[in-house]
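Novice: sequence and predicted structure are below.
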Amino acid sequence: MFMDVLPGLALSAAEEAPPALSVALAVEDFAPTLLAFVGFWLLAPSALGRIGAVLMGAGGAAKSTWKLLHAAWSIDVNWLDDLLFPLLAAGGLLLALSLHKSLRWWRWPLLLIGAGVATLAVTSRSVQPAFIFATAIVIWISVLGTVRAWRHGNALAAGLFPVSVLAVIALVPLRGHAASDALAFQWVQQGMNTMAQGIFFIAALLTYRAVKGKGKDFTDADTVDRQWPTPEQSGGYDGSRRYDPQRGGDRYESQGGRRRRS
């Protein structure tokens, strides 16, 4: 699936000639597609993000289906191949927006960039803007995943997200190799891509478990809990009564040098 994203930086998505395919290779291509989809689903903090994950998974499944039809029956359904980058771009934008909201990061830049890319793609009638945006947004989602994992105390997951990106980037020189279209060489690339998506899946799973392990809903997991003020902040109150953020807490005011509850 994502073997066609980052390595595409070395070759134009519009001009790339399809390499020779085998049925076994085409079937195996569903493995990284599934791993990536589940990883995106686990990382999604809200319904919006899960819709994005479904769109991204659908883009990868369309590409894998095109490969299988081409390898098994020599059927070339071009529109299936062309769906990869638009669906990756659209789904990646939704997932990134949901992660930005959960992390309380500013979302307007993403919306403006996404609208600009969509406008450019429609006016130019080209998949190239979606290809470039999809490449960038997949990397950005890994960055957001790293931040989310670190915030919830899972250093291993935070380290695995960039490793998965580096593993896919390592495919770029392989894709530009003179023998890159050879079947044996494609198996090497496919294996590296499956490994990269497997690392991403593990990172997303660890992040999900880190959040759920705290007994929090994924949507509100990054909300900072309000704490009862310290004695210095409360003017000497001993804190014997529990502070309830939902009820605004107990309110106290001074009366004759002592505090009474109002």
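Specialist: Here it is on my side, so go on. Residues are numbered from 1 along each chain as shown.

Novice: any low-confidence regions in the stretch 51-200 of the chain?
Specialist: Regions of the stretch 51-200 of the chain meeting the criterion pLDDT under 70 cover residues 179.

Novice: and if we set it to 80?
Specialist: Under the criterion of pLDDT under 80, the regions of the stretch 51-200 of the chain flagged as low confidence span 174-181.

Novice: which parts of it are helices?
Specialist: Under the criterion DSSP state H, counting those that start in this stretch, the stretch 51-200 of the chain carries helices at the ranges 78-82, 84-103, 108-124, 128-151, 155-169, 171-175, 183-212.

Novice: and the ones you listed, which is most packed in?
Specialist: Mean neighbour count (mean count of other Cβ atoms under 10 Å) peaks for helix 84-103 among the helices of the stretch 51-200 of the chain, with a mean of 24. Heads up, the C-betas are built off the backbone N, CA and C, glycines and all.

Novice: what angle sits between that one and helix 128-151?
Specialist: Orientation check (axes from the mean of the first three to the mean of the last three Cα atoms, to 10 degrees): helix 84-103 against helix 128-151 gives 30 degrees.

Novice: name the helices or strands packed onto helix 84-103?
Specialist: In terms of contact count using 3 or more Cβ pairs under 8 Å, 6 or more residues apart in numbering; DSSP states H and E, helix 84-103 is assigned the packing partners helix 30-43, helix 47-73, helix 108-124, helix 128-151.

Novice: pull the distance from the longest one to the chain's centre.
Specialist: Here helix 47-73 shows a centroid-to-chain-centroid distance of 15 Å under the convention Cα atoms, centre = their mean, to the nearest Å.

Novice: packing partners for that helix?
Specialist: Using 3+ Cβ pairs under 8 Å, 6+ apart as the contact criterion, the elements in contact with helix 47-73 are helix 23-28, helix 30-43, helix 78-82, helix 84-103.

Novice: ok, which of the helices and strands packed on helix 84-103 comes nearest residue 184?
Specialist: In this view, the helices and strands packed on helix 84-103 are compared for proximity to residue 184 by Cβ to Cβ, and helix 47-73 is the closest at 15.5 Å.

Novice: report the buried residues of that closest one.
Specialist: For helix 47-73, the neighbour count (16 or more other Cβ atoms under 10 Å) marks 48-71 as buried.
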